[in-house]
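Engineer: I need the structure of the sequence given here:
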Amino acid sequence: MTPLDDERRWYRYHHLFGEVLRERLRRGTNVATVANLHGRASAWYQQHGMIDEAVQHALAAGAVVDAARLIEQHGLMLILQGHRSRVLTWMEALPDAVIRAHPDLCIVHVAALVLGNQLAAAEARLHDAENAIRADMPTEAAQIIRGRVAQGYADLARYRGDLVRYITLSRQVLDIVPESDALGRAAAMMHLSRAYLVTGHITSEMEQQAVAVIEPARASGNVLAWLIALLNLAQVRALRGRLQQAAATYQAALTVAPNLDAFRHLYGSAAYYVGMGDIFREWNDLDSAEQHLAQSRELAVGEQLVDPDVILRGYSALARLRMAQGDDAGALDAIDEFLDLAHQRAFFPGLSRQALAVQTRIRLGQGNLAAATAWADSCGLQVDDATNYLREFEYLTLVRVRIAQRRSDGRAGDLDDALRILDQLSAAAEMSERLGSLVEIVLLRALVFDSQGDSDAALRELERVLNLAKPEGYVRVFVDEGVSMAALLRAAAQQGIASSYVARLLAAFPEGPGARDLRLGDAAQASRHKPQASVLAEPLTARELEVLRLLAEGASNGEIAQRLIISLSTVKKHIANIFGKLEAQSRTQAVARARALNLL
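Structural biologist: The predicted model follows:
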């Protein structure tokens with residue numbers, strides 16, 4: 001036997017000896033005795049807190065009622081610790097009649113199904129939970145179940161993109177859950193706060209509601225409830241533009257688990273990496289942003305449970321990070337990978353719509369005004385609907401397209417519409433106390449006035465946004481606007497406006513202020529960084545050069561995808577682009593042509 005602990009209380013038989021014993025059990029013991037032994041093993045494992053083994057032996061013993069009880073008690077926690085597939089396997093081993101007879105067991109099954117985006121099956125099981133509420137059940141117990149069922153329907157609405165219904169149902173949950181269910185009410189308050197995140201109505205009152213959830217969640221001893229409550233508060237604070245407090249709250253969330261490995265396996269950990277990574281990106285700490293967003297991406301593409309909206313925020317932040325690093329091709333790869341995931345996992349269309357708006361900002365950064373204009377013409381946005389927070393990011397993208405069109409061909413009317421959009425968005429952001437939105441809106445107002453030649457109005461708006469942004473250390477929101485913003489900032493410096501902050505912002509521009517116009521994509525400046533442009537009709541991008549080098553090394557498509565951390569379909573797209581630009585029909589021809597052009 002091999003000891004498994006320093007106290008020599010736990011031992012493991014050699015695997016061959018263990019197999020001999022199991023074979024002897026199978027051959028020489030009657031079925032009833034085997035079932036009895038499995039039952040005793042299940043009881044022993046349960047007594048020692050080893051729930052996984054306890055359930056397995058209960059199922060092997062045919063003790064489905066005992067197995068159902070264990071799953072009912074521990075299943076939700078196991079799901080949120082990343083063991084959804086295991087719980088689903090157990091549920092499939094139980095007779096359907098047993099599941100339908102236990103409403104709490106139905107709720108566990110619902111959680112596993114919803115988090116796997118199996119929404120129709122989850123809805124059917126919610127009906128089972130409602131039907132399992134017996135007439136003779138104590139009133140309070142029945143109310144607790146009804147509250148959990150209502151929350152289940154709210155979660156279904158969120159995953160389906162029916163956000164109006166999600167908000168309505170989240171409000172109803174708090175009315176249903178009894179006062180005696182402290183943890184249930186804390187969870188209901190947290191979900192209601194999350195519903196307000198969807199609407200963008202994040203006032204100080206809403207923030208206090210998110211704060212109020214923290215202590216009951218912590219006191220409950222439920223680590224996951226505590227983590228999710230902290231992450232919810234951090235996101236509220238980030239949306240309100242309070243980046244310093246948001247970062248401190250994210251860091252507090254990191255301490256709920258004993259170590260980083262344990263933290264990464266908790267449901268919600270991806271939201272930490274996304275939120276903290278995006279704050280680092282905004283503060284222009286690109287190395288820290290890279291580390292955090294790489295972690296969030298790994299969780300998103302793996303088996304760990306990550307909500308669709310968190311996946312979108314993670315890939316959007318990664319794309320914007322790539323743009324800040326000057327890797328527009330990498331930014332497009334990030335959006336392509338999200339769109340692939342959205343298709344595979346059947347995310348609701350609104351998420352892909354936002355991803356296409358991010359893609360449009362990247363196209364603007366490349367100077368591809370034609371592609372950006374095509375998006376603007378087909379996105380379906382109407383000026384009079386601009387107060388809809390759910391599409392705020394898209395509207396701000398549309399404004400950027402209109403500014404680029406004005407600079408390109410002097411289309412003044414489009415900027416009148418842009419100002420109307422910004423006025424409506426600004427009023428909504430101020431009413432909802434979203435400083436994060438207001439910073440970007442006022443900054444774009446400054447750029448609109450600058451494009452119209454009204455320098456006085458542009459500087460007034462710039463001074464206003466500098467005063468809003470300085471206490472929280474905003475950087476990238478300014479720098480990502482390129483040479484036009486750099487010119488405005490220099491004009492502000494000359495007038496002594498927020499001089500130390502402006503100097504810090506100007507220092508953050510690549511290769512000195514105005515080296516790269518991300519809105520107009522100055523072709524002459526871009527070509528300085530791509531020597532092969534004078535030889536090829538269309539130069540290879542930085543990411544295509546990376547793929548080309550790996551092709552020259554003989555790497556397969558799968559190996560390229562793994563090494564560059566991109567999807568296989570994205571690799572194929574890059575190879576097709578390389579072949580087209582190099583006028584090659586094969587890898588061999590492409591590599592030979594590249595060597596001749598000194599690209600390798």
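
Engineer: Can you tell me the SS state at the closest residue to residue 225 other than its chain neighbours?
Structural biologist: Excluding the flanking residues, the one nearest residue 225 by C-beta to C-beta, 6 or more residues apart in numbering is residue 217, at 4.2 Å. Where C-beta positions appear, they are placed from N, C-alpha and C, glycine not excepted. Under DSSP: H, G, I helix; E, B strand; the rest coil, residue 217 falls in the helix class.

Engineer: burial measure for residue 217, as a count.
Structural biologist: 25 (other C-beta atoms under 10 Å).

Engineer: who's in contact with it?
Structural biologist: Going by C-beta atoms under 8 Å, 6 or more residues apart in numbering, residue 217 touches 183, 186-187, 190, 225-226, 228-229.

Engineer: Now, the residues you listed that are in helices?
Structural biologist: 183, 186-187, 190, 225-226, 228-229 (DSSP state H).

Engineer: Closest one of the residues you listed to residue 321?
Structural biologist: residue 228 (25.3 Å; C-beta to C-beta).

Engineer: Tell me, how many residues neighbour the closest residue in space to residue 379 that isn't next to it in sequence?
Structural biologist: Nearest residue to residue 379 in three dimensions, chain neighbours excluded: residue 394, at 6.3 Å (C-beta to C-beta, 6+ apart). When neighbours are counted by other C-beta under 10 Å, residue 394 registers 23.

Engineer: which ones are touching residue 394?
Structural biologist: So residue 394 contacts 353-354, 357, 379, 381 (C-beta under 8 Å, 6+ apart).

Engineer: ok, and the most crowded of those residues?
Structural biologist: Going by other C-beta under 10 Å, residue 357 tops these with 23 neighbours.

Engineer: give me the element that one is part of.
Structural biologist: Assessed by DSSP states H and E, residue 357 sits inside helix 349-365.

Engineer: and that helix, what's its mean pLDDT?
Structural biologist: What helix 349-365 shows for mean pLDDT is 94.

Engineer: on contacts alone, who are the packing partners of that helix?
Structural biologist: helix 308-324, helix 328-344, helix 369-378, helix 392-409 (3 or more C-beta pairs under 8 Å, 6 or more residues apart in numbering; DSSP states H and E).

Engineer: Need these in CSV (columns: mean pLDDT and distance to residue 154).
Structural biologist: Listed next are those as CSV, based on pLDDT from 0 to 100; distance: least, C-beta to C-beta, whole Å:
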stretch, mean pLDDT, distance to residue 154
helix 308-324, 94, 14
helix 328-344, 93, 22
helix 369-378, 93, 32
helix 392-409, 92, 23
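
Engineer: out of those helices, nearest to residue 254?
Structural biologist: So among the helices and strands packed on helix 349-365, helix 308-324 is nearest, using C-beta to C-beta, at 16.2 Å.

Engineer: Which other helices and strands does that closest one contact?
Structural biologist: Using 3+ C-beta pairs under 8 Å, 6+ apart: helix 308-324 touches helix 269-282, helix 286-301, helix 328-344, helix 349-365, helix 476-479.

Engineer: for that helix, the distance to its chain's centre please.
Structural biologist: Centre-to-centre, helix 308-324 and its host chain are 7 Å apart (C-alpha atoms, centre = their mean, to the nearest Å).

Engineer: okay, the angle between it and helix 269-282?
Structural biologist: 30 degrees (axes from the mean of the first three to the mean of the last three C-alpha atoms, to 10 degrees).

Engineer: Export only the CA atoms of helix 308-324, formatted as PDB.
Structural biologist: Output in PDB follows, covering the C-alpha atoms of helix 308-324 (Å, rounded to 0.1, in the frame of the first residue of the first chain):
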ATOM      1  CA  PRO A 308     -22.000  34.900 -22.400                       C
ATOM      2  CA  ASP A 309     -22.000  38.600 -21.500                       C
ATOM      3  CA  VAL A 310     -18.700  38.100 -19.600                       C
ATOM      4  CA  ILE A 311     -17.200  36.300 -22.600                       C
ATOM      5  CA  LEU A 312     -18.200  39.200 -24.900                       C
ATOM      6  CA  ARG A 313     -16.700  41.800 -22.500                       C
ATOM      7  CA  GLY A 314     -13.500  39.700 -22.300                       C
ATOM      8  CA  TYR A 315     -13.000  39.400 -26.000                       C
ATOM      9  CA  SER A 316     -13.900  43.100 -26.600                       C
ATOM     10  CA  ALA A 317     -11.300  44.100 -24.000                       C
ATOM     11  CA  LEU A 318      -8.800  41.800 -25.600                       C
ATOM     12  CA  ALA A 319      -9.500  43.300 -29.000                       C
ATOM     13  CA  ARG A 320      -9.100  46.900 -27.700                       C
ATOM     14  CA  LEU A 321      -5.800  45.800 -26.000                       C
ATOM     15  CA  ARG A 322      -4.500  44.500 -29.300                       C
ATOM     16  CA  MET A 323      -5.400  47.800 -30.900                       C
ATOM     17  CA  ALA A 324      -3.500  49.600 -28.100                       C
END
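
Engineer: got the angle for it vs helix 349-365?
Structural biologist: Using the same axes, to 10 degrees: helix 308-324 against helix 349-365 is 0 degrees.

Engineer: Can you give me the buried ones in helix 308-324?
Structural biologist: For helix 308-324, burial by neighbour count (16 or more other C-beta atoms under 10 Å) applies to 308-324.

Engineer: and if you look at stretch 87-102?
Structural biologist: 87-88, 90-91, 94, 99-102.

Engineer: Ramachandran angles for the nearest residue to residue 450 once chain neighbours are set aside?
Structural biologist: Closest residue in space to residue 450, ignoring its immediate chain neighbours: residue 458 at 4.0 Å, by C-beta to C-beta, 6+ apart. With angles defined as degrees, to the nearest 10, residue 458 sits at phi -60, psi -40.

Engineer: what's the answer for residue 265, then?
Structural biologist: The phi/psi pair for residue 265 (degrees, to the nearest 10) is phi -90, psi 0.

Engineer: Contacts only, for residue 145.
Structural biologist: Contacts of residue 145 (C-beta under 8 Å, 6+ apart): 103-104, 107, 129, 132-133.

Engineer: Pick the one among the residues you listed closest to residue 552.
Structural biologist: residue 107 (55.4 Å).

Engineer: Spatially, what comes nearest to residue 582 if we skip its sequence neighbours?
Structural biologist: According to C-beta to C-beta, 6+ apart, the nearest residue to residue 582 is residue 593 (4.4 Å).

Engineer: ok, the one you found touching residue 584?
Structural biologist: Yes. Using C-beta atoms under 8 Å as the test, residue 593 is close enough to residue 584 to be in contact (5.5 Å).

Engineer: how many neighbours does residue 162 have?
Structural biologist: 15.

Engineer: brain fart, residue 23
Structural biologist: So residue 23, with other C-beta under 10 Å, has 10 neighbours.

Engineer: That'll do, ta.
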